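J.: No sequence on hand, only this structure:
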C-alpha cells in the first residue's frame, strides 16, 4: 500500500488559518501555532459580540425614543405603556427611525399613546 503524503492537506489547513488571521499583528498572523490560537480567540469574540451587538442596538434605540418623547411630557416607560394600552404594535427600531426621519408621524404615535394613558399620570 502506498504511503499517504499530507503536505497538500496541511498546506490547505494552514492557508485557511492564515486567511482568517490576516490583519493580526506579528506572529499571530504568520506562525501556525500562534495564528491558530489567535483565530480561535477571534472566533469566540465574534460569537459573543454578535449577541452583544443586538443588545447595544436595542439600548441605542431606547435612548433615542426616550429623548424623542421627552418634549411631549412623557418618558420612555410611560410612552411604551401608553402604546401597549392603545394597541399600537411598532418595534423600537422603527420607532427610533420614525423619531429621526419622520417627526410628524412619530408625534401622531406619541399623541395616541398619551391619550391611552390615564389622565392622572
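T.: All right, it came through fine. Given the structure is predicted, the values throughout are model-derived calculations rather than measurements. Residues are numbered from 1 along each chain as shown.
J.: Contacts for stretch 51-64, please.
T.: 76, 92, 93, 95, 96, 99, 100 (Cβ atoms under 8 Å, 6 or more residues apart in numbering). C-beta: built from backbone N, CA, C; applies to glycine.
J.: Low-confidence ranges, this protein, go.
T.: 120-121 (pLDDT under 70).
J.: where exactly do the helices run in it?
T.: Listed in chain order, the helices of the chain (DSSP state H) span 7-20, 27-30, 32-69, 76-86, 92-101, 103-116.
J.: These into CSV, with extra columns for distance to residue 1 and mean neighbour count?
T.: Compiled in CSV, these are given as follows (distance: least, Cβ to Cβ, whole Å; neighbours: other Cβ atoms under 10 Å):
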stretch, distance to residue 1, mean neighbour count
helix 7-20, 18, 12
helix 27-30, 36, 14
helix 32-69, 29, 14
helix 76-86, 71, 17
helix 92-101, 61, 16
helix 103-116, 75, 15
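J.: What separation do you get for the spatially closest residue to residue 28 that is not a sequence neighbour and residue 21?
T.: Once flanking residues are discounted, residue 28 sits nearest to residue 38: 4.1 Å by Cβ to Cβ, 6 or more residues apart in numbering. Applying Cβ to Cβ, to the nearest Å, the value for residue 38 to residue 21 is 5 Å.
J.: hmm, back to that, pick the one among the contacts of stretch 51-64 closest to residue 86.
T.: Of all these, residue 86 sits closest to residue 95, with 13.3 Å by Cβ to Cβ.
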